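**Student:** this one's sequence-less:
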Ligand SMILES: Nc1ncnc2c1ncn2[C@@H]1O[C@H](COP(=O)(O)OP(=O)(O)OP(=O)(O)O)[C@@H](O)[C@H]1O
Ligand SMILES: Nc1ncnc2c1ncn2[C@@H]1O[C@H](COP(=O)(O)OP(=O)(O)OP(=O)(O)O)[C@@H](O)[C@H]1O
Ligand SMILES: [Mg+2]
Ligand SMILES: [Mg+2]
Ligand SMILES: [Mg+2]
Ligand SMILES: [Mg+2]
Ligand SMILES: [Mg+2]
Ligand SMILES: [Mg+2]
């Protein structure tokens, strides 16, 4: 038997501490100094020659779930990673790897969903690849979408506004822009995607009507950039809020203080979380963004979010504090706890 | 039992007629009119806003083979698709999907190989993604690389030269540039990759010392563009020469005449092909290019190829003829046969 430490485990794909360590140990050495926002930043996307480039493979199980499917997810996730850098998504590639025996009717549904989602987002699918693996060599289908985006007028305006109150070194939405006092805004209810996936799985013991939040957020991000004052944006996918906020704390070198009572959560998600013994902060989302916004502009950004269909439940959940370290959660009963990067995998293969 | 026609089969990933029909039936509808070289061209890459974008997923089995591994393949294949458009490859994304239980030592070897190949090609890995699937849900590892490139001075010079003898509408290496009389050049021996993969598989009944030709070809392509007069370039991967030449015949609306006696092939590959009853023209390659070059410049381009390590065995194998249709092969014994798109899969999962 091989040493369990010497092999890849599901935890290495869970978006928490194990994955980050794996990436640092194995992939970070590929960094060669290149890029305005290079591999070393380990952000949602890279920026090279003014072009935002990002990639994600989608392995979600089941491929059709409450509120979406692997096609909608593949377009939304990659559009969102471009958007979270402040980029305007232009074009995506679409690479499918299919298991022998996969029904063509399911492929047709997935392509239809890809088409609709790309149209909604206003992004173009321009190239692709199709591979087939023998029956038993792959669980149904894996999709990779990669994409490019460019800086927009809205992004430039955002930094014009932010520059009024701080010096801005990066003209992209990166954690290095975050400063003491920034407000942390979450664009809506947390945990919907993970719970929807879980309740779409066969053999799971609980029923829920929660639907995934999966959606392209580029129009929502554009709306907030047009208000201005956004330092960073990031989508809480694998690893959830817990991983995201720790990432920001690490990369900005600042503490983050959040209030549990302010975190938007659906009643049904809340009970599922309790029933299943999960940590809400570690659940993955596919249609939410977290923003760090200058205190001067936070209210206006929140108002702008509320006017969009994707941000109507947005709240300010906390702020950035230089006199603290790590991520501190003020619980509903007034206690405090340190939020660390997840070391478990609440729901494997959610994306 | 489901109707075999209603499911995906290995043939749909084989790079021949079945794959092309699948792409046309399912994916071509994603074309929305966008791009200087759009999805509709179904070429090695797309060009949008002056940026070359391409993607490939790599599912090769075994992952370590004679002359290479999935890491070297993943960088080379995508660099080559950018190069075959005439683009100068700048940056790649790297998305790995790994099976639970995969040895970290193998991952280390693959990353090392990726790093070395990227350095050789002078391309930067700038972003990535890591997913893990449960044991039994994936055969070891699948890698997707996507990449971007830009036009170079060499490309511009190439078309300056080509414009002396024809009007050039596309300033990228696309089949629409091919004209009657163009010489067909292949950059070296054919079939090495497929035979190397086959002989690296367990339980295969023949032994061979053939090594894969897998290599990034961007420097070779740059060398020929600096000579000028190249109308199109394409790499004969899945589907081999047979598929590539049919693609050109279809897209240019012209006939292609090639001589079997001129096709470079290693003695060992030749005997393996005979022994296994394969068609050399249908075998996949990963370090070869086929060029369509104006008759005036063909000799100079050939000389330039011979001076590079990747093109030393290059030959002119035939020419483009407007008074013909499809692809005609003049056999070594002087007979003629029509070469059609492959309808079988000589070696599944070669890339
Ligand atoms: N195999 C890899 N090679 C190079 N960089 C990688 C690799 N895997 C991940 N990264 C980098 O690590 C960072 C974190 O990746 P991660 O996939 O968590 O980001 P994400 O795409 O925003 O999240 P998710 O995949 O959950 O949507 C990114 O900057 C990414 O580019
Ligand atoms: N799933 C897909 N969606 C959109 N376009 C696709 C898809 N699969 C293939 N294509 C397009 O079809 C054409 C042929 O693809 P193919 O993968 O054969 O090209 P290639 O990458 O040059 O070859 P190989 O994959 O063997 O290296 C390309 O233009 C590609 O963009
Ligand atoms: Mg992200
Ligand atoms: Mg992502
Ligand atoms: Mg391909
Ligand atoms: Mg190609
Ligand atoms: Mg390719
Ligand atoms: Mg990712």
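**Tutor:** Received it, and whenever you're ready, just let me know what you need. This one's a predicted model, so the numbers in the text were calculated from it and none came from an experiment. Ligands and ions are numbered 1, 2, ... in the order given.
**Student:** Give the ranges of residues in the stretch 151-300 of chain A that sit below the confidence cut-off.
**Tutor:** The model of the stretch 151-300 of chain A has pLDDT under 70 over residues A:205.
**Student:** Near the residue nearest to residue A:177 when sequence neighbours are not counted, how many other residues are there?
**Tutor:** Distances taken as C-beta to C-beta, 6 or more residues apart in numbering or on different chains put residue A:231 closest to residue A:177, at 4.1 Å, once the chain neighbours are dropped. Placement of C-beta: from N, CA and C, glycine included. By the criterion of other C-beta atoms under 10 Å in any protein chain shown, residue A:231 has 27 neighbours.
**Student:** now swap in residue A:103 and tell me
**Tutor:** 14.
**Student:** That one pairs with what?
**Tutor:** Beta bridges link residue A:103 to residue B:7, judged by DSSP bridges.
**Student:** Hmm, it is touching residue B:7, no?
**Tutor:** Yes: using C-beta atoms under 8 Å, residue A:103 is in contact with residue B:7, at 5.7 Å.
**Student:** show me what contacts residue A:54?
**Tutor:** Each residue near residue A:54 by C-beta atoms under 8 Å, 6 or more residues apart in numbering or on different chains is listed here: A:44, A:45, A:46, A:78, A:81, A:82, A:85, A:146, A:147, B:93, B:127.
**Student:** Can you list the strands that the one helix or strand it maps to pairs with?
**Tutor:** If you go by DSSP states H and E, residue A:54 is part of strand A:51-58. Taking DSSP bridges as the criterion, strand A:51-58 forms sheet pairs with strand A:46-48 (antiparallel), strand A:141-151 (antiparallel).
**Student:** what about that strand, near ligand 3?
**Tutor:** No: judged by C-beta under 5 Å from the ion, strand A:51-58 makes no contact with ligand 3; its nearest approach is 8.0 Å.
**Student:** after that strand, next one along is what?
**Tutor:** Counting by DSSP H and E, the element after strand A:51-58 in chain order, helix or strand, is strand A:64-65.
**Student:** Show me how far that following strand is from its chain's centre.
**Tutor:** Computed by C-alpha atoms, centre = their mean, to the nearest Å, the chain-centroid distance of strand A:64-65 equals 19 Å.
**Student:** Please apply the same query to stretch A:186-197.
**Tutor:** Distance of stretch A:186-197 from the chain centroid (C-alpha atoms, centre = their mean) equals 11 Å.
**Student:** so does it get close to ligand 1?
**Tutor:** No: Stretch A:186-197 stays clear of ligand 1 (C-beta under 6 Å from any ligand atom), getting no nearer than 10.8 Å.
**Student:** how far does that stretch stretch from start to finish?
**Tutor:** End-to-end distance of stretch A:186-197 (C-alpha to C-alpha, to the nearest Å): 21 Å.
**Student:** circling back: tell me which of the strands paired with strand A:51-58 sits nearest to residue B:172.
**Tutor:** Each of the strands paired with strand A:51-58 has some distance to residue B:172 by C-beta to C-beta; the shortest is strand A:141-151, at 16.9 Å.
**Student:** what about the closest one and ligand 8, touching?
**Tutor:** No: legend: contact between strand A:141-151 and ligand 8 by C-beta under 5 Å from the ion is lacking; minimum distance shown is 10.2 Å.
**Student:** Show me what the next helix or strand after that strand is packed against.
**Tutor:** Counting by DSSP H and E, the next helix or strand C-terminal to strand A:141-151 is helix A:153-163. Judged by 3 or more C-beta pairs under 8 Å, 6 or more residues apart in numbering or on different chains; DSSP states H and E, the packing partners of helix A:153-163 are strand A:87-99, helix A:218-225, strand A:230-234.
**Student:** which residues of the stretch 201-350 of chain A fall in strands?
**Tutor:** Secondary structure of the stretch 201-350 of chain A by DSSP state E, counting those that start in this stretch: the strands cover A:230-234, A:255-259, A:290-293, A:315-321, A:327-330, A:336-339.
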